[in-house]
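Asker: have a look; sequence and predicted model below, questions after that.
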Amino acid sequence: MAAEPVFVSGATAIPSKFQSFTRNINDKSQAKLLLYSRVRASQKHSMDDKNNVYKQLGLFSLKKNIEDTVLRAEMLAPTALEHEEARRIKQEEMIHECNLWEDPAKSNEILIKLAGSAKAIDALKDLKYKAEEAKLISQLVEMEAINYQLFKQAYTASLDVRKLLDQYEMSRLLKGPYDKQGACVVIRAGSKGLNHEIWKEELLNMYVKWAEKLGYKGRLVEKHTSMHGGIESATIEFEFECAYGYLSGERGIHHKINSQNGSVHHEVTTACVDVVPLFLGTGFDFQIDDEELIVSCSPSLLRDRKSRTELTVCLQHIPTGISVQSSGERSHFANKVKAHNRLKAKLLVIAEEQKVCDVSSIRRADIVDEWQKETRRYVSQPYKLVQDVRTGIELPDLNSILDGNINTLIGAHINIRHTE
């Protein structure tokens, strides 16, 4: 059972010993089993004695981590809950004071914030309950025999507590104007070839698994295949709150590096990841004039079925040169609407990055090309290592990262944006 990494730097990491303990529990020697069954955490044992027993059974690190997680929750949850309840009371007072019919835009903004506070309060209450559950089970372990099933139950509860803590703390750092929105992630080929296509599929699966670990699903809306069945490009939509805030740091080039048999010649496969907000129930505050758009066709789609190519809509914004496409909807009109929305979202992000007041003020020469921005390196041979270029973080477990455990990397990017 591999533990998920935490967001906050300095937090205690869940050890891998628990996995080996559960895997090898049936292979314990007779002496270990006898010790396991007889040891009682009673008053006749000193704390040092009990800790020695936990160490002998391979459970000391696990026990310490559960205790640290519960302590972290007890320190944060009460204050955070008090803060969120005060915010909700203030927002309710604002609703009573203003006329909902006279200023619908302001009323809608207050109602959205009120709904957000209500969700945060529910999450914090759930967090407190989970922390109390983990603490109670740990106390039962101290009172009774050292029981594997109780440890497993306490461990599961502590993982839920950590996940809720991480999500709440990260949501407090997401201050950008679009950080609370959903996300549209586009993965494109760096070069042609089967290895590049396989690499894009690995990245696609990484993001889908990441969302699943949070309890959400990614919707694959577009997937363009090559002549040999690999992926040339793919588009995933994550329709849950804060998805854009979490994933915006993923934009840029992702390299996979492989050097077989210690050769100095590295095989590098490349994919570009772009992320734009997916607005959840809110509209755009600007329109793009038809005179500012041209319709083009993407050559990468010409190998697809003719019917699909005919449905594809590619739009380019003439003043900035920004282009987007949509082909995943069932009609040309629906793809046109989707392409317009993606283009607007991308232009809004660029305007925010350049600190200009509106889209018309975007400086074309200052637009950052995603293909010139290296984000991460994934080394598969001769050793396994993930290097995050912007944050400087290095993680040794490549397979775990590709399995969707990217919270440490996401948290590091959020912290950097928060301090900038």
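Answerer: In hand now; what should we look at?
Asker: not counting sequence-adjacent ones, nearest residue to the residue nearest the centre of the chain?
Answerer: Nearest to the geometric centre of the chain sits Tyr246, at 5.1 Å (Cα atoms, centre = their mean). Counting by Cβ to Cβ, 6 or more residues apart in numbering, the nearest residue to Tyr246 once its immediate chain neighbours are dropped is Ile410, at 5.2 Å. Yep, even glycine has a C-beta here, placed from its N, CA and C like the rest.
Asker: count the neighbours of the one you found for me.
Answerer: 20 (other Cβ atoms under 10 Å).
Asker: contacting residues for the spatially closest residue to Phe240 that is not a sequence neighbour?
Answerer: Leaving aside its chain neighbours, Phe240 sits nearest to Tyr216 (4.6 Å; criterion: Cβ to Cβ, 6+ apart). Tyr216 makes contacts with Phe238, Phe240, Ala243, as judged by Cβ atoms under 8 Å, 6 or more residues apart in numbering.
Asker: for Thr156, see how far away the residue nearest to Tyr246 is.
Answerer: Using Cβ to Cβ, to the nearest Å, one gets 23 Å for the distance from Ile410 to Thr156.
Asker: what is the helix or strand hosting Val295 packed up against?
Answerer: Assigning secondary structure by DSSP states H and E places Val295 in strand 293-296. The contact analysis (3 or more Cβ pairs under 8 Å, 6 or more residues apart in numbering; DSSP states H and E) places strand 293-296 against strand 313-317.
Asker: what's next to the next helix or strand after the strand it packs on, contact-wise?
Answerer: Toward the C-terminus, strand 313-317 is succeeded by strand 323-326 as the next helix or strand (DSSP H and E). Identification of contacts with strand 323-326 by Cβ under 8 Å, 6+ apart yields 222, 296, 298, 301, 312-317, 335-336, 338-339, 342-343, 346.
Asker: repeat that for 7 Å
Answerer: When contacts are defined by Cβ atoms under 7 Å, 6 or more residues apart in numbering, strand 323-326 is touched by residues 296, 298, 312-316, 335, 338-339, 342-343, 346.
Asker: pull out the buried members of these.
Answerer: Thr312, Val313, Cys314, Leu315, Gln316, Asn335, Lys338, Ala339, Arg342, Leu343, Lys346 (16 or more other Cβ atoms under 10 Å).
Asker: distance to Asp274 and pLDDT added to those, as TSV?
Answerer: Compiled in TSV, the buried ones among the contacts of strand 323-326 are given as follows (distance: Cβ to Cβ, whole Å; pLDDT from 0 to 100):
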residue	distance to Asp274	pLDDT
Thr312	17	87
Val313	17	90
Cys314	15	91
Leu315	15	91
Gln316	15	91
Asn335	18	91
Lys338	15	91
Ala339	14	91
Arg342	10	92
Leu343	12	93
Lys346	8	94
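Asker: closest one of those residues to Val273?
Answerer: Lys346 (13.7 Å; Cβ to Cβ).
Asker: end to end on stretch 274-289, go ahead and measure it.
Answerer: Using Cα to Cα, to the nearest Å, the end-to-end distance of stretch 274-289 comes to 24 Å.
Asker: flag the shaky bits of the stretch 301-420 of the chain, pLDDT-wise.
Answerer: 301-309, 420 (pLDDT under 70).
Asker: ok, 80 please
Answerer: Applying pLDDT under 80 to the stretch 301-420 of the chain picks out residues 301-310, 381-382, 418-420.
Asker: that one: strands as residue ranges?
Answerer: 313-317, 323-326, 374-379, 385-388, 394-395 (DSSP state E, counting those that start in this stretch).
Asker: next one: the stretch 101-250 of the chain
Answerer: 182-189, 218-225, 231-238.
Asker: counting contacts, what elements does the last one pack onto?
Answerer: Yep, that's strand 231-238 we're talking about. Applying 3 or more Cβ pairs under 7 Å, 6 or more residues apart in numbering; DSSP states H and E, we find strand 231-238 packed against strand 182-189, helix 194-213, strand 218-225.
Asker: quick one: the helices in the stretch 251-400 of the chain?
Answerer: All helices of the stretch 251-400 of the chain, identified by DSSP state H, counting those that start in this stretch, fall at 306-311, 332-353, 398-402.
Asker: closest to Glu292 out of those?
Answerer: Using Cβ to Cβ, the nearest of the helices of the stretch 251-400 of the chain to Glu292 is helix 332-353, at 9.9 Å.
Asker: mind listing what's buried along the closest one?
Answerer: 335-336, 338-351.
Asker: what's the neighbour count on the residue nearest to Gln153 when sequence neighbours are not counted?
Answerer: The shortest distance from Gln153 to any non-neighbouring residue, by Cβ to Cβ, 6+ apart, is to Ile137 (5.3 Å). For Ile137, the neighbour count with other Cβ under 10 Å is 21.
Asker: so where's the longest strand in this protein?
Answerer: strand 267-278 (DSSP state E).
Asker: packing partners of that one?
Answerer: Contact partners of strand 267-278 among helices and strands, from 3+ Cβ pairs under 7 Å, 6+ apart: strand 182-189, helix 194-213, helix 243-247, strand 252-258, helix 332-353.
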